[in-house]
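Student: all I have is the shape, not the residue letters:
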C-alpha cells in the first residue's frame, strides 16, 4: 500500500515566524506530535515536535569537562551544549524547528516509511511532492489505524 492512500491529506502547518506558544496550542488542540513548518507557497522548510518544545522546560545540560594544562576538554562536546542552549532561548518557530527534515514521497510503500520511522524514532513524517511542497503527513496513529483495519 502506498503512503498517499493512508496519509493525512490536510496536515496542520505553521509559519516560521509564529511564537512557540502557537505550536503548543496546535499540538494540544489536534492531538499531534509534530507540526510542519511551511513557507508562503506551502513548501516544507522545517518541523517542530513535542520533543523540541520540551527544551523550553529544562535547563541546558552543562557539559562535564576536565582542565588539562589550562585547556578545557569537554566530554559531551560544546556543540551539544550550544544546541541545547539555543533551544532554551528560542522564541519563534524558526529558532526551534528542525530544518533537515526526513520526508516521504506519496508513492512510497507504507512498509518502507514505517521502517525509517522505527529506525529514526520518528512519530510522524511529512509527505512532500517532487518540488518539496507539503501534501500530507503520516503518523504512527495513521499506521495503527491501517493495522486495525487489516484485522
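Tutor: All right, it came through fine. Computed from a prediction, not measured in an experiment: that's the story for all the values here.

Student: look at the residue nearest to residue 122 when sequence neighbours are not counted and give its secondary structure.
Tutor: Among residues not flanking residue 122 along the chain, residue 102 sits closest, at 6.5 Å (CB to CB, 6 or more residues apart in numbering). Heads up, the C-betas are built off the backbone N, CA and C, glycines and all. Counting by DSSP: H, G, I helix; E, B strand; the rest coil, the backbone at residue 102 sits in coil.

Student: quick one: residue 102 and residue 124 touch, right?
Tutor: No - using CB atoms under 8 Å, residue 102 is not in contact with residue 124; the gap is 10.3 Å.

Student: these two: who's more crowded?
Tutor: Set side by side, residue 102 and residue 124 show unequal neighbour counts under other CB atoms under 10 Å, the larger going to residue 124 at 20 against 14.

Student: need the contact list for the nearest residue to the more buried one once chain neighbours are set aside.
Tutor: Here the nearest residue to residue 124 in space, its sequence neighbours aside, is residue 139; by CB to CB, 6+ apart that works out to 3.9 Å. Shown in contact with residue 139 (CB atoms under 8 Å, 6 or more residues apart in numbering): 8, 32-33, 123-125.
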